[in-house]
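Engineer: Structure for the following, please:
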Amino acid sequence: MRTDPELRTSARTCFDAAIAAVNPGRLVAGALRREGDALVLDVPSRGARIHRGPVMLAAAGKAALAMTEGAAAAGAATGVVVVPHDQVRAGPPGIDVFGAAHPVPDAAGAEATRRVLDAVRSASAETLVLVLLSGGGSALLVAPAGDLTLADTQAVTAALLASGADIAALNMVRKHCSLVKGGGLLRAAHEAAAVWTLVLSDVIGDDLATIASGPTVPDATTYADALSVLDRWLDPAAIPARVRAHLEAGRDGRIPETLHPGDEALRHAIAHVLAGNRTAVDAAAAAARRLGYEPHVSADPLRGDATAAGGAIVATLASLPRDRPVACVMGGETTVRVVPGGRGGRCQQLALAAAVALAGQPGVILAGGTDGVDGPTDAAGACVDGDTATRARQRGLDPEAALGATHSHVLLAATGDLVRTGPTGTNVTDVVVALRPAC
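Structural biologist: Numbers count the residues shown, from 1 in each chain. Below is the predicted model:
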């Protein structure tokens, strides 16, 4: 029978394999190549696209710099990259790198976005605009529309993040409050020869209109849809007056909609998803098989409340055959409605709920964000076992109370269960690996 330390080591090996499978630089370098004076994009099922002439790069997201390095290897020579503040470092020659805040935007992000927009607006009819997007791009690219201010954008973003709204709902509002989202960046590049967008997806289902709020693709949602999100998730007092007024003006046809399907701007654009959460999940399952576990990959993505998901994962693990070592592997993005004073993240909340449900049973459950960051903490997530709840109580901590207070981080730090990877340079949402020995 495997010991818990062995199970923990195996779970971490599977998680590391998931992250390695979505290495941004390798993925971009595999899609682009130079043939003489031409830049070639190989798009599965669509054939090759070829461009001869200048290439301007615009990139944003947690994986943007690594993606840029892959593009630079294929000959992209100038451009602007926006990354989280803690990821700022020198980029390839000719590439300017700027920092911005995530998940709530800041003034540095607004200035960086202005530079991105200025760059793509200056693209000539001979220039290809190569756009590289990854998770976090929605927060990093901030350009308030109309009379909206940065403070308005910050307030509505923070309120929706705390509300438990999912990423699709959050980005629906972001798109209708922005000059760059919802196809706005593509509109800004209307003079360019073409716009190629390569995406590392942090959205389950890989919806291009949701990833980074779809700055170069059509948006099928409306201002009325965005208003419905606010009405569903927020107290009216939490909605900035200018945000509501702006969305109502759009609903009433007084300002233009986002870029919709069929728009003329789409004629010279292509967008392609390089990899997403399923890529990482499949890699984790393959690693589990190599380690001697029978992998069971969930067909359904993780969604909804993180606490409920943690208990459901333990129930799923318990339902698997007991005569062999098994692995339950899944991916997705849960939500957590943060209680004031609570500290943690969705992966830590899920893991703590799993620890309570798993108490006294064999097995480990690792839940981690592939970007290495879970909520406003220094952890990617946590790896818990059947003794986690007991260790917490021995230290005077109450697991159930911590769950109710959404205050998982302190407890999991005390029990030694946090998983810290540091920023990974990639982001395809979360991966969960649950392992159990034969018993």
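Engineer: isn't Ala283 right up against Ala18?
Structural biologist: Yes - taking Cβ atoms under 8 Å as the definition, Ala283 is a contact partner of Ala18 at 5.0 Å. C-beta: built from backbone N, CA, C; applies to glycine.
Engineer: more crowded one of these two?
Structural biologist: Ala18 (29 against 22; other Cβ atoms under 10 Å).
Engineer: quick one: contacts for the more buried one?
Structural biologist: Residues counted as contacts of Ala18 (Cβ atoms under 8 Å, 6 or more residues apart in numbering) are 280-281, 283-284, 287, 370, 431, 433.
Engineer: Please tabulate the residues you listed in CSV, including the columns pLDDT.
Structural biologist: Formatted as CSV, the contacts of Ala18 follow (pLDDT from 0 to 100):
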residue, pLDDT
Ala280, 97
Val281, 98
Ala283, 98
Ala284, 98
Ala287, 98
Thr370, 95
Val431, 98
Val433, 98
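Engineer: so which two of those residues are the farthest from each other?
Structural biologist: Ala287 and Thr370 (14.1 Å; Cβ to Cβ).
Engineer: Share the number of residues neighbouring Thr435, please.
Structural biologist: Thr isn't right for residue 435; it's Leu. 29.
Engineer: what's Gly311 in contact with, if anything?
Structural biologist: Contacts of Gly311 (Cβ under 8 Å, 6+ apart): 353-354, 356-357.
Engineer: can you tell me the helix or strand for it?
Structural biologist: Applying DSSP states H and E as the criterion places Gly311 in helix 306-319.
Engineer: can you check Arg34 too?
Structural biologist: Arg34 belongs to strand 32-35, assigned by DSSP H and E.
Engineer: Tell me what Ala275 is bridged to.
Structural biologist: Leu200 (DSSP bridges).
Engineer: pretty sure it is touching Ile19, no?
Structural biologist: No - Ala275 is not in contact with Ile19 according to Cβ under 8 Å; the separation is 11.5 Å.
Engineer: who has more neighbours, these two?
Structural biologist: Applying other Cβ under 10 Å to Ala275 and Ile19 shows that Ile19 carries more neighbours, namely 24 against 21.
Engineer: ok, back up a step: measure how far the strand holding Arg34 is from the centre of its chain, please.
Structural biologist: Taking Cα atoms, centre = their mean, to the nearest Å, one finds strand 32-35 lying 28 Å from the centre of the chain it belongs to.
Engineer: Which SSE is immediately downstream of it?
Structural biologist: By DSSP H and E, the next helix or strand past strand 32-35 is strand 38-43.
Engineer: If you count neighbours, what's buried in that following strand?
Structural biologist: 39, 41 (16 or more other Cβ atoms under 10 Å).
Engineer: pLDDT (mean, whole number) over it?
Structural biologist: Averaging pLDDT along strand 38-43 gives 91.
Engineer: what sits opposite Ala100 in the beta ladder?
Structural biologist: Pro84.
Engineer: who's in contact with it?
Structural biologist: Applying Cβ under 8 Å, 6+ apart, the residues near Ala100 are 82-85, 106, 108-109, 112-113, 139-140, 142.
Engineer: and which of those residues is nearest to Asp385?
Structural biologist: The closest of the contacts of Ala100, once distances to Asp385 are taken by Cβ to Cβ, is Pro84, at 31.7 Å.
Engineer: What is the neighbour count of the closest one?
Structural biologist: 22.
Engineer: For Pro423, see how far away it is.
Structural biologist: 8 Å (Cβ to Cβ, to the nearest Å).
Engineer: Can you work out which residues contact both of those two?
Structural biologist: Common neighbours of Pro84 and Pro423 (Cβ under 8 Å, 6+ apart) are Lys62.
Engineer: Next up, the contacts around Ala327.
Structural biologist: 14, 285, 288-289, 293-296, 433-435.
Engineer: quick check, Ala58 in a strand?
Structural biologist: Yes - looking at Ala58 with DSSP: H, G, I helix; E, B strand; the rest coil, it is inside a strand.
Engineer: So what sits opposite it in the bridge?
Structural biologist: Assigned bridge partners for Ala58, using DSSP bridges, are Val80, Val131.
Engineer: Endpoints of stretch 265-284, how far apart?
Structural biologist: 39 Å (Cα to Cα, to the nearest Å).
Engineer: What are the buried residues along it?
Structural biologist: Applying 16+ other Cβ under 10 Å to stretch 265-284 flags 265-266, 268-284 as buried.
Engineer: for stretch 285-304, same thing?
Structural biologist: 285-288, 291, 293-298, 301-302.
Engineer: returning to what we had before: what angle separates the helix or strand following the helix holding Gly311 from helix 306-319?
Structural biologist: Downstream of helix 306-319, the first helix or strand assigned by DSSP H and E is strand 326-332. Strand 326-332 runs at 150 degrees relative to helix 306-319, counting by axes from the mean of the first three to the mean of the last three Cα atoms, to 10 degrees.
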